[in-house]
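Peer 1: Just a sequence and a predicted model for now, questions to come.
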Amino acid sequence: MEDIRIYFIGDSYINGTGDPQYLGWPGRVCVASQSDQAGITCYNLGIRADTSEDILRRWESEVDARRLKPHDGRIVFGFGANDCWLEEGKMRIARAETEKNAEHILSRAVERLPTLMIGPPPGLGSEQDAMRQDMSALLQDICTRVGVPYLAVIDDLRDGEIWQAEAAAGDQIHPTTGGYAALAKLVLDWPTWWFHSG
């Protein structure tokens, strides 16, 4: 059996905040991807409220602390929603800084290990949702430039409604079981996912 270690790096949506089963979408994806051929170790490195600036500062040391050569290592990023969160009327991270941070993170990561990126989910309220839509488009452009496959999930999650409904019923930010299951399904159905069943 191949020993595969996947490092999921990002914010509270990687962490799975709000999920009463404490799996989030990375846990669900790894459960579904496990097989007789692939033994997966899932490292959830999601930190609530992290921005691209925080991730730039920490991601390499966190991967290095968990990486055991010569085992197969892979990285999945998920960030951006906190960069465009408004504080006192201003985005936490200026758009130009997000672009610079993300390009540095992703270009370095793909040089080291196979890397994927999952885009930010929808937000509640038209203003927050529009900013996340713009963020998703920006991150997709950056991923295209540096050669990292990108999965935009914002439209599918919004159209599926369960993400929004669960977030609205909870803390206004995070879903519960159904929302994370819906996101996990989008990843598992993505032909680029390493363990896509076809």
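Peer 2: Received it, and whenever you're ready, just let me know what you need.

Peer 1: Now do the strands in the chain.
Peer 2: Assigned strands in the chain, in chain order: 2-10, 38-46, 72-78, 86-87, 90-91, 115-118, 150-151 (criterion: DSSP state E).

Peer 1: Could you identify which of these is most buried?
Peer 2: Relative to the other members of those, strand 115-118 carries the highest mean neighbour count by mean count of other C-beta atoms under 10 Å, namely a mean of 25. To be clear about C-beta, it is placed using only N, CA and C from the backbone, and glycine gets the same treatment.

Peer 1: Show me what that strand is in contact with.
Peer 2: Judged by C-beta atoms under 8 Å, 6 or more residues apart in numbering, the contacts made with strand 115-118 from elsewhere in the structure are 74-78, 106, 109, 139, 143, 148-151, 153, 183, 187, 192-194.

Peer 1: could you redo the last one with a cut-off of 6 Å?
Peer 2: Here strand 115-118 makes contact (C-beta atoms under 6 Å, 6 or more residues apart in numbering) with 75-78, 109, 143, 148-151.

Peer 1: Find the pair from those residues with maximum spatial separation.
Peer 2: Longest distance between any two of the contacts of strand 115-118 is 15.6 Å, between Ala109 and Leu151; criterion C-beta to C-beta.

Peer 1: and the gap between the residue lying closest to Glu103 once chain neighbours are set aside and Phe77?
Peer 2: Among residues not flanking Glu103 along the chain, Ile142 sits closest, at 5.3 Å (C-beta to C-beta, 6 or more residues apart in numbering). With distances taken as C-beta to C-beta, to the nearest Å, Ile142 is found 11 Å from Phe77.

Peer 1: ok, the helix or strand of the chain with the lowest mean pLDDT: who's next to it in the sheet?
Peer 2: Taking mean pLDDT, DSSP states H and E as the measure, strand 86-87 is the helix or strand of the chain with the lowest mean score, a mean of 92. Under the criterion DSSP bridges, strand 86-87 sits next to strand 90-91 (antiparallel) in its sheet.
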